[in-house]
Structure formats: C-alpha cells, structure tokens
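okay, sequence plus prediction incoming.
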Amino acid sequence: MFNVNVHPDVYAELEHSRMWYEERADNLGTEFITEVNKAIEMVGKAPMMWPFHEKQHDIQRLSTGFHTP
C-alpha cells in the first residue's frame, strides 16, 4: 500500500463540507468523511487507477461548445 499525501488546504475544505452535510441530516457529515477516507485508502491500494498527470487538462463541455482554458 502506498502513502497518499493530501494537500493541507484539503482538510479545511473537508471540515467545511462535513459541517454542511451535518446541517442537513444527523451523521451525514460523518458518513461523508468516512466515504472520503475510504476513497483515499483505495487510492493508496491501487494508485494506478488514478494516474498522476503533470499537465493540467482543459475542461470542455462538448454539448454546449463551452471551453475553459
């Protein structure tokens, strides 16, 4: 299993998201964090399922022709 490094800014965003979910339903924020932790663990177990790319790719909406550089 590989170590997964998470950018420090992610923790504040996760806490904000956890609180948002918790306001909507009891324990929903906890369930959200549990699922995030499972996903991070999965990346550590099988990192090639999510290959790292040095280059940032453009986002395109093909149906509207909208393009964001």
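In hand now; what should we look at? Numbers count the residues shown, from 1 in each chain.

distance of the nearest residue to Val4 once chain neighbours are set aside from Asp26?
Take Val4 and drop its neighbours on the chain: the residue closest to it by Cβ to Cβ, 6 or more residues apart in numbering is Gly44, 4.7 Å away. The C-beta positions use only the backbone N, C-alpha and C, and glycine is treated the same way. Separation of Gly44 from Asp26 (Cβ to Cβ, to the nearest Å) stands at 30 Å.

these two: which has the busier surroundings?
Ranked by neighbour count (other Cβ atoms under 10 Å), Gly44 and Asp26 place Gly44 first, with 12 against 9.

am I right that that one is in contact with Asn3?
Yes: taking contacts as Cβ atoms under 8 Å, Gly44 lies within contact range of Asn3: 6.7 Å.

which parts of this structure are strands?
Using DSSP state E, the strands of the chain run over 59-61, 66-68.

need the least confident one among the ones you listed, by mean pLDDT.
The stretch with the lowest mean pLDDT among the strands of the chain is strand 66-68, at a mean of 45.

can you tell me which helix or strand of this structure has the lowest average pLDDT?
strand 66-68 (a mean of 45; mean pLDDT, DSSP states H and E).

report the buried residues of stretch 30-43.
By neighbour count with 16 or more other Cβ atoms under 10 Å, stretch 30-43 contains the buried residues 32, 43.

residues in contact with it?
2, 4, 6, 14, 17-18, 21-22, 49-50 (Cβ atoms under 8 Å, 6 or more residues apart in numbering).

with pLDDT and distance to Thr30 added, can I get those in TSV?
Below are the contacts of stretch 30-43 laid out as TSV (pLDDT from 0 to 100; distance: Cβ to Cβ, whole Å):
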residue	pLDDT	distance to Thr30
Phe2	84	26
Val4	86	21
Val6	88	18
Leu14	94	12
Ser17	96	12
Arg18	96	7
Tyr21	97	9
Glu22	97	7
Met49	83	26
Trp50	70	25
